[in-house]
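Student: attaching a predicted model along with its sequence, questions to come.
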Amino acid sequence: MEAGGKDGNPLKNYRIGKTLGIGSFGKVKIAEHIKTGHFLKTSCGSPNYAAPEVISGKLYAGPEVDVWSCGVILYALLCGTLPFDDENIPNLFKKIKGGIYTLPSHLSGPARDLIPRMLVVDPMKRITIREIREHPWFEAQLPRYLAVPPPDTAQQVKKIDEESLVKVISLGFDKNLLVESIHNRLQNEATVAYYLFLDNKSRTTTGYLGAGYQEAMESSFSPITPSETQSPAHGNRQQPYMESPVGLRPHFPADRKWALGLQSRAHPREVMTEVLKALQELNVYWKKIGHYNMKCRWSPPGFPGQENMNHTNYNFSAEPIETDDLGEKLNLIKFELQLYKTRDEKYLLDLQRASGPHLLFLDLCAAFLAQLRVL
């Protein structure tokens with residue numbers, strides 16, 4: 001497979017019934033974003049499939065870029081041509097940045113609604129993956145093995161599958177060490193093999209969907225009937241399923257929305273002014289990296305070694321702050337502070353710990369929150 005999500009990257013030897021799989025490792029760098037909390041800025045992949053923010057060199061998170069690429073793929077599959085195509089690269093970029101393309105008249109109503117929502121130039125207004133899964137075009141004749149969520153992996157960890165365990169032991173791994181590693185959620189060769197066997201088992205006809213999975217394999221897009229389309233009852237996923245109306249994908253309760261950072265409708269300048277006042281009250285050292293981004297360090301009053309730390313011998317670098325041994329030894333907290341703009345026209349203040357004791361950082365966050373007067 002090549003880098004970049006595009007219809008030229010089919011898994012040629014991977015077919016499930018009549019369904020052709022398409023995959024890519026084009027955006028695997030999202031793992032780095034999840035680990036560090038920083039946005040990405042690498043421009044990669046085929047220009048025809050790249051989102052406007054990618055070819056413009058702007059910062060991006062990852063999922064919204066993949067939604068754009070999937071929108072291009074969907075357009076190509078339904079229309080037989082690319083939405084953005086030009087031999088002249090500057091003209092191609094102009095079309096992509098402007099979202100300039102035409103929709104053929106033969107497209108269905110749901111398709112004509114979904115594609116433009118995926119190919120929105122503003123990534124903040126672009127449809128999300130969750131919204132795509134709830135769209136009528138996606139829900140139509142959706143196979144049950146895609147509609148029903150997989151078992152709760154947390155429940156799988158509590159109960160070890162004997163069949164998968166025996167298979168791993170037959171490869172030469174020690175049973176006691178394997179069981180201990182599974183219970184402790186350790187990642188090693190033995191546990192990787194175990195979960196591969198377990199995952200493969202769940203995808204067979206003896207898995208969580210039983211014969212329904214095999215049925216979906218044999219007739220991937222056959223009409224859905226009430227007996228075939230099921231949704232979980234309220235509460236635990238392991239409870240029996242309930243029937244849902246004909247032709248509709250079962251509706252699953254939305255996951256609880258976690259609050260990230262501190263949100264405010266105040267003007268960014270007012271927010272940052274209060275932030276600086278709070279940092280000053282707490283004796284936090286900071287360095288401005290961008291208009292709404294700072295690197296900070298703080299230590300509790302009177303801890304050993306504080307007298308040896310000052311602005312001249314503990315300077316910030318231009319690179320993102322990383323964990324260092326000195327900070328751990330001196331009970332020093334280093335963190336980054338960033339103000340973001342959200343979809344609903346709010347501003348979100350995020351504090352990201354880079355090094356230092358976790359509990360001490362939480363104490364600092366509590367004191368910081370108490371000092372703020374805007375959020």
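Tutor: In hand now; what should we look at?
Student: please report how far residue 165 lies from residue 172.
Tutor: According to C-beta to C-beta, to the nearest Å, residue 165 and residue 172 sit 14 Å apart. In this view, the C-beta of every residue, glycine as well, is placed from N, C-alpha and C.
Student: what sits against residue 335?
Tutor: Residues counted as contacts of residue 335 (C-beta atoms under 8 Å, 6 or more residues apart in numbering) are 295-298, 321, 351-354, 356, 361, 364.
Student: could you pull out the strands for the stretch 101-250 of the chain?
Tutor: Along the stretch 101-250 of the chain, counting by DSSP state E, counting those that start in this stretch, strands occupy 230-232, 241-243.
Student: going by mean pLDDT, which of the ones you listed comes out lowest?
Tutor: Looking at the strands of the stretch 101-250 of the chain, the lowest mean pLDDT belongs to strand 241-243 (a mean of 37).
Student: just give me the neighbour total for residue 114.
Tutor: Neighbours of residue 114 under the rule other C-beta atoms under 10 Å: 23.
Student: which stretches of the stretch 51-200 of the chain aren't confidently modelled?
Tutor: 60, 145, 148-158 (pLDDT under 70).
Student: tell me how this protein divides into domains.
Tutor: Domain ranges of the chain: 10-140, 146-243, 262-371, per automatic domain parsing.
Student: helix or strand for residue 286, which one?
Tutor: Assessed by DSSP states H and E, residue 286 sits inside strand 285-290.
Student: and for residue 282, the neighbour number?
Tutor: Residue 282: 14 neighbours (other C-beta under 10 Å).
Student: and for residue 84?
Tutor: With other C-beta under 10 Å as criterion, residue 84 counts 23.
Student: what does residue 118 give?
Tutor: The burial count for residue 118: 21, using other C-beta under 10 Å.
Student: quick one: residues contacting the spatially closest residue to it that is not a sequence neighbour.
Tutor: Using C-beta to C-beta, 6 or more residues apart in numbering and skipping residues adjacent in sequence, the residue nearest residue 118 is residue 71, 2.9 Å away. Counting by C-beta under 8 Å, 6+ apart, residue 71 makes contact with 83, 115, 118-119.
Student: distance-wise, check residue 82 relative to residue 338.
Tutor: 36 Å.
Student: my bad, should have said residue 103
Tutor: 38 Å.
Student: quick one, phi psi at residue 298?
Tutor: phi -150, psi 150 (degrees, to the nearest 10).
Student: these two touch, right, it and residue 286?
Tutor: No: using C-beta atoms under 8 Å, residue 298 is not in contact with residue 286; the gap is 9.2 Å.
Student: picking up where we left off before, whichever of the contacts of residue 335 end up buried, select them in ChimeraX.
Tutor: Selection of buried members from the contacts of residue 335 for ChimeraX, criterion 16 or more other C-beta atoms under 10 Å:
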select :295,296,297,298,321,351,352,353,354,356,361,364
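Student: and the contacts of residue 335, which of them are in strands?
Tutor: Counted as lying in strands by DSSP state E, out of the contacts of residue 335, are 295-298, 351-354.
Student: now the residues you listed in a markdown table, with pLDDT?
Tutor: Formatted as a markdown table, those follow (pLDDT from 0 to 100):
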| residue | pLDDT |
| --- | --- |
| 295 | 93 |
| 296 | 93 |
| 297 | 92 |
| 298 | 90 |
| 351 | 89 |
| 352 | 89 |
| 353 | 90 |
| 354 | 89 |
